[in-house]
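**Student:** Quick one, what's the 3D model for this:
(chains A and B)
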Amino acid sequence: MNRSLTTGLAGLLAALASAAFVAAGGAATPAKTVAFTASYSGTANVQVNGDVANISANGNGTGTLLGSGAIVGTGTGDSSAQPCVPFTGPGTMSGTAGSKLSFTVVPGSQGCGDEQGQVFSVVGKANVTKGTGKLAKAHGLLKFTGVYDRGAGTFTVKFKGTLSM
Amino acid sequence: MRKLFVPAALILAAAAWASAIHAATPAENPFPTAKVTGVFVAAQTVNSDGVEADQFAPGSTVTFRAYAVDLKTRKTVGPGDVKFFYVAIPGQPNVKFAYDPKAKGATARLPWTANWVIPASFAPGVVQFKVLVKTNAKAQGQFVQMPVATSQLTVAASPTPVYTPAPAGVALATSTMNVSLYVDSVNGTRPAGAAPRPVGCTQTNVYKRGEQFVLRSWGADLTSGAILSADNVDTAIATIPGQPNLTLNWGAHGTAGSQVWYWTGAWNIPTDYPLGDANVHVVFKTDDGKIGTYDYKITIIP
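**Tutor:** Residues are numbered from 1 along each chain as shown, chains lettered A, B, ... in the order given. Predicted coordinates for the structure are as follows:
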């Protein structure tokens, strides 16, 4: 009886410990992080209305995890700030595999013009807030750098960083 | 045949469109190059008062001052380290550098100096000099000027005057460097509280209150040789006593079509800013955590 009880308790404790381990393991499973880079080029349209620059951009390129695809973004900037125009706004990067990353360009991002106000160095960070397809759980902060040619209405941009999946 | 032709035409059209986009957006052109190899070299020109200047009259003396860092050892190049270290000036004999931090025009940071007396007959115009160095370990490096005409060494019958006195030099930490920097400054063309100078964007380190101070910088990660750019720099700032931090921005400069990219930051000097020397402390932090610093002194005059 005692032995049976002991065995039963031991089994119960083992089961509880196992369950706790599984639960703890499930809760503590670290998010997988993957290095991410992407590069796009395309056209950008900037309409200045007063001190507000309304930005829309479309381009094509490629990104790790995404493959070949497109980038689309919109945003607003403060054109009264010279020579660097701060801007923010949402965007997406999508790939051939049907995956998509949605991001928001965060404050602190800016485009700095040359002396002629034609060639802008674009630098900032994009907060990836959600994804679709195999990137459904992706999130993280990416650094981006690029060039915007105001006269030609074209841009190139590169992203790099790590994403948690 | 027709089925084959149509997709091929589409592919060609797409490729042409893509290449047109790439051709239309100027590529970044880091100054002086995308990657430094051998020896990092930085040099400035100063006048007989020790003030940074770039316009000189025939018959006057240009003092070149420089420092160099061997990328392999990441240490500054000292007097026993060089096979040669000189200024090459078109049509002139080479002007050799000598190491003496206490020499006229030298600083602890820029301890190598070379003096060039401009011949009276020297043709006016920009002087495209180069500084060339080779170490005993056969590592080589060179310095060239940023291609912004008004900030380049120029011989002129009536040079634009610069103010005095020169600021005192500052010490260089001699420990191993991870990042090496070039720093200079030019007068901005849009001063908020003083009259613009006759020629904007000329090099100087003496400013009147109310003028616009424009710091220019480039540098290299000494581990990889990569030029510091927005791609690999996390933050680039200059601290100025009593002022908010000055953010340095990566961008294109110079004449359209031949622009180069480096770091700049403009500061409108308050009209009540304390007179005398001010230390501008430049700090670059790379994405992988390396730090590069440079103390650049300027003098503020009434």
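**Student:** Low-confidence stretches in chain B?
**Tutor:** Flagging of chain B using pLDDT under 70 yields the residue ranges B:1-24, B:170-175.
**Student:** what about the helices in it?
**Tutor:** Taking DSSP state H as the test, the helices found in chain B are B:2-24.
**Student:** What parts of it come near chain A?
**Tutor:** With the criterion set to C-beta under 8 Å from any C-beta of the partner chain, chain B comes near chain A through B:18, B:21-22, B:24-28, B:229-231, B:249-253, B:256, B:259, B:261, B:266, B:287. Every residue, glycine included, has its C-beta placed from N, CA and C.
**Student:** filter those residues to the buried ones?
**Tutor:** Neighbour counting by 16 or more other C-beta atoms under 10 Å in any protein chain shown classes B:21, B:24-26, B:28, B:229-231, B:249-253, B:259, B:261, B:266 among the residues of chain B next to chain A as buried.
**Student:** so residue A:37 makes contact with residue A:65?
**Tutor:** No: using C-beta atoms under 8 Å, residue A:37 makes no contact with residue A:65, being 9.6 Å away.
**Student:** ok, the two, which is more surrounded?
**Tutor:** Using other C-beta atoms under 10 Å in any protein chain shown, the more surrounded residue of residue A:37 and residue A:65 is residue A:65, with 21 against 13.
**Student:** Find the residue closest to the more buried one in space, skipping its chain neighbours.
**Tutor:** Once flanking residues are discounted, residue A:65 sits nearest to residue A:135: 6.0 Å by C-beta to C-beta, 6 or more residues apart in numbering or on different chains.
**Student:** tally of neighbours for the one you found?
**Tutor:** So residue A:135, with other C-beta under 10 Å, has 26 neighbours.
**Student:** Let me see the confidence value for it.
**Tutor:** Listed pLDDT for residue A:135 reads 91.
**Student:** Was I right to think it contacts residue A:66?
**Tutor:** Yes: with contact defined as C-beta under 8 Å, residue A:135 reaches residue A:66; the gap is 7.5 Å.
**Student:** Could you name every residue contacting both of the two?
**Tutor:** Counting by C-beta atoms under 8 Å, 6 or more residues apart in numbering or on different chains, the common neighbours of residue A:135 and residue A:66 are A:99, A:101.
**Student:** And the strands in chain A, which stretches?
**Tutor:** Using DSSP state E, the strands of chain A run over residues A:33-49, A:52-63, A:67-78, A:84-95, A:100-105, A:110-113, A:119-132, A:140-149, A:154-164.
**Student:** Can you lay out those strands as CSV showing mean pLDDT?
**Tutor:** Output for those, formatted as CSV (pLDDT from 0 to 100):
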stretch, mean pLDDT
strand A:33-49, 96
strand A:52-63, 97
strand A:67-78, 97
strand A:84-95, 97
strand A:100-105, 98
strand A:110-113, 96
strand A:119-132, 97
strand A:140-149, 97
strand A:154-164, 97
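**Student:** So for residue B:153, which of those strands sits nearest?
**Tutor:** Proximity to residue B:153 (C-beta to C-beta) singles out strand A:119-132 among the strands of chain A, at 26.1 Å.
**Student:** okay, the angle between that closest one and strand A:67-78?
**Tutor:** For strand A:119-132 against strand A:67-78, the angle by axes from the mean of the first three to the mean of the last three C-alpha atoms, to 10 degrees is 120 degrees.
**Student:** what's strand A:119-132 packed up against?
**Tutor:** When contacts are defined as 3 or more C-beta pairs under 8 Å, 6 or more residues apart in numbering or on different chains; DSSP states H and E, strand A:119-132 packs onto strand A:84-95, strand A:100-105, strand A:110-113, strand A:140-149, strand A:154-164, strand B:249-253.
**Student:** again, 10 Å this time
**Tutor:** Using 3 or more C-beta pairs under 10 Å, 6 or more residues apart in numbering or on different chains; DSSP states H and E, the elements in contact with strand A:119-132 are strand A:33-49, strand A:84-95, strand A:100-105, strand A:110-113, strand A:140-149, strand A:154-164, strand B:249-253.
**Student:** Cross-check the contact I'm expecting between residue A:120 and residue A:84.
**Tutor:** Yes: counting by C-beta atoms under 10 Å, residue A:120 does reach residue A:84; the two are 8.7 Å apart.
**Student:** Compare the two (neighbour count), which wins?
**Tutor:** A count of neighbours by other C-beta under 10 Å puts residue A:120 above the other of residue A:120 and residue A:84, at 24 against 18.
**Student:** list the contacts for that one?
**Tutor:** A:44, A:46, A:83-85, A:110-114, A:146-150, A:155, B:251-252 (C-beta atoms under 10 Å, 6 or more residues apart in numbering or on different chains).
**Student:** what's the closest non-adjacent residue to residue 138?
**Tutor:** In the absence of a named chain, chain A is used. Spatial nearest neighbour of residue A:138, excluding adjacent residues (C-beta to C-beta, 6+ apart): residue A:131 at 3.9 Å.
**Student:** wrong one, I was asking about chain B
**Tutor:** residue B:83 (7.6 Å).
**Student:** Check the contact between the one you found and residue B:96; I expect there is one.
**Tutor:** No: assessed by C-beta under 10 Å, residue B:83 is found out of contact with residue B:96, at 11.8 Å.
**Student:** For residue 153, grab the count of nearby residues.
**Tutor:** No chain was given, so I picked chain A. 16.
**Student:** not quite, I wanted chain B
**Tutor:** By other C-beta under 10 Å, neighbour count at residue B:153 equals 22.
**Student:** Just list the residues touching it, thanks.
**Tutor:** By C-beta under 10 Å, 6+ apart, the residues touching residue B:153 are B:45, B:53-56, B:62, B:64, B:87, B:89, B:116, B:118, B:125-129, B:145, B:203.
**Student:** Go through those and flag which are in strands.
**Tutor:** Per DSSP E, the subset of those in strands is B:45, B:55-56, B:62, B:64, B:87, B:116, B:125-126.
**Student:** mind listing the strands for the stretch 101-250 of chain B?
**Tutor:** Remark: strands assigned in the stretch 101-250 of chain B by DSSP state E, counting those that start in this stretch are B:112-117, B:125-126, B:130-135, B:140-144, B:154-155, B:179-187, B:206-208, B:212-221, B:233-239, B:246-247, B:249-253.
**Student:** out of these, which comes closest to residue B:295?
**Tutor:** Nearest to residue B:295 among these is strand B:179-187; the distance by C-beta to C-beta comes to 8.9 Å.
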